[in-house]
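**Student:** give me the fold of what follows.
(2 chains)
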Amino acid sequence: GDSVTQMEGPVTLSEEAFLTINCTYTATGYPSLFWYVQYPGEGLQLLLKATKADDKGSNKGFEATYRKETTSFHLEKGSVQVSDSAVYFCAPWVDKIIFGKGTRLHILP
Amino acid sequence: DSGVTQTPKHLITATGQRVTLRCSPRSGDLSVYWYQQSLDQGLQFLIQYYNGEERAKGNILERFSAQQFPDLHSELNLSSLELGDSALYFCASSGQGSQPQHFGDGTRLSIL
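**Tutor:** Down below sits the predicted model:
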């Protein structure tokens, strides 16, 4: 069946470090791909999306590229800030959305 | 502000009791989803309604039930509560197809 695997956390980085959170998926067909973020005490909110191969989604300095050949959608940011501390969820959508287990990110000042 | 409203924000009750969680979806969204989030289980999909009809079922216990009303608001009923039901319960809404889901801020349920 359809599934998603994302790197386990917690991930701890210093401010201004480079961030990668890996996400791979298994799906029949061509899913739309999403990254959601959950800040402390809040619900999930859409961070970025890509709907077809080679599309790049971007928002708030975060980027992810839809790689069909490797079935991946890795999240990257060139220089993280303390305010990026949150839980990040990778979520492919085929006929329904599937959320990964989430990766908790801690950014140290 | 996601436009999705959940009430109450916090609920404290005892084992064996029954509670009802309420969700008002974003204006225009016909789909409502319920999720349970706990520390050890992550985000678990419970159930989806579309325009009043059940559309998909996930890991929802028989003690739990939900419905979506004609005005599109939804309620999640949890009965015979157990300590393990303590969690955050999120509601989300979306438009059709692969439209992104918009989440409420959740209801934190604590069972004593």
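
**Student:** any buried residues in the lowest-mean-pLDDT helix or strand in chain A, and which?
**Tutor:** Here the helix or strand of chain A ranked lowest by mean pLDDT, DSSP states H and E is strand A:3-6, holding a mean of 93. Of the residues in strand A:3-6, A:Val4, A:Gln6 count as buried by neighbour count, 16 or more other C-beta atoms under 10 Å in any protein chain shown. In short, each C-beta sits where N, CA and C put it, glycine included.

**Student:** name the residue of chain B that lies nearest to chain A.
**Tutor:** Distances between chain B and chain A by C-beta to the nearest C-beta are smallest at B:Phe103, namely 3.4 Å.

**Student:** find the residue closest to that residue in space, skipping its chain neighbours.
**Tutor:** Residue nearest to B:Phe103 in three dimensions, not counting chain neighbours: A:Gly43, with 3.4 Å by C-beta to C-beta, 6 or more residues apart in numbering or on different chains.

**Student:** circling back to that earlier point, tally of neighbours for the residue of chain B closest to chain A?
**Tutor:** Here the number of neighbours of B:Phe103 (other C-beta atoms under 10 Å in any protein chain shown) works out to 23.

**Student:** before we move on, what about B:Gly28?
**Tutor:** B:Gly28 has 9 neighbours, counted by other C-beta under 10 Å.

**Student:** surely A:Ile107 meets A:Ser14?
**Tutor:** Yes. The criterion here is C-beta atoms under 8 Å, and A:Ile107 meets it with A:Ser14 at 7.3 Å.

**Student:** looking at the two, which is more packed in?
**Tutor:** Neighbours per residue, other C-beta under 10 Å: of A:Ile107 and A:Ser14, the larger number sits with A:Ile107, 19 against 10.
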